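Trainee: Sequence and predicted structure, then a few things I'm wondering about:
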Amino acid sequence: MTNITIYHNPACGTSRNVLALIRNSGVEPTVIEYLKNPPSTEQIQSWLSAMGASVREVLREKGTPYAELDLGNPKWTDDELLAFIQQHPILLNRPFVITPLGVRLCRPSEMVLDILPDPQQGPFIKEDGEVVIDAEGRRV
């Protein structure tokens, strides 16, 4: 069985689509609702290292205290930004997916296809009606 973990927000359409794409590959992932069980600073740093990304690249602005905390200000160090994420987990963009093939912030949702070890098992249509996978399990 393939070991896949998704840091998920069930209120987020992108996150729901990513979870459904994982399941469409025949895998039931470990689902962690990151607002209830936030990842540690060390976990986030590990993901960023694996992705070659910066803290600023995974900050979420919409629907968060990003603006009121002035997080766009370059004065904040990575360690300070990570501390803000620990205080306000909603600042971490989602969904993050960890598989044996890598770590991704899966925005847009199709990015998860690049790190799924198993192929899609059938068609997939996103919640907004966009066809992502055809009837033969191929990416559109």
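Mentor: Good, I have the coordinates. Numbers count the residues shown, from 1 in each chain.
Trainee: Report the contact partners of R23.
Mentor: P29 (Cβ atoms under 8 Å, 6 or more residues apart in numbering). From N, CA and C alone the C-beta is placed, and that goes for glycine too.
Trainee: Revised request: answer the last question for S25.
Mentor: Applying Cβ under 8 Å, 6+ apart, one finds that S25 lies in contact with L116, P117, D118, P119, Q120, Q121.
Trainee: From the residues you listed, list the buried ones, please.
Mentor: L116, Q120 (16 or more other Cβ atoms under 10 Å).
Trainee: farthest pair in the contacts of S25?
Mentor: Maximum pairwise distance in the contacts of S25, criterion Cβ to Cβ, is 13.1 Å, between P117 and Q121.
Trainee: Show me where this protein has its strands.
Mentor: 5-8, 30-33, 96-99, 102-105, 124-125, 131-133 (DSSP state E).
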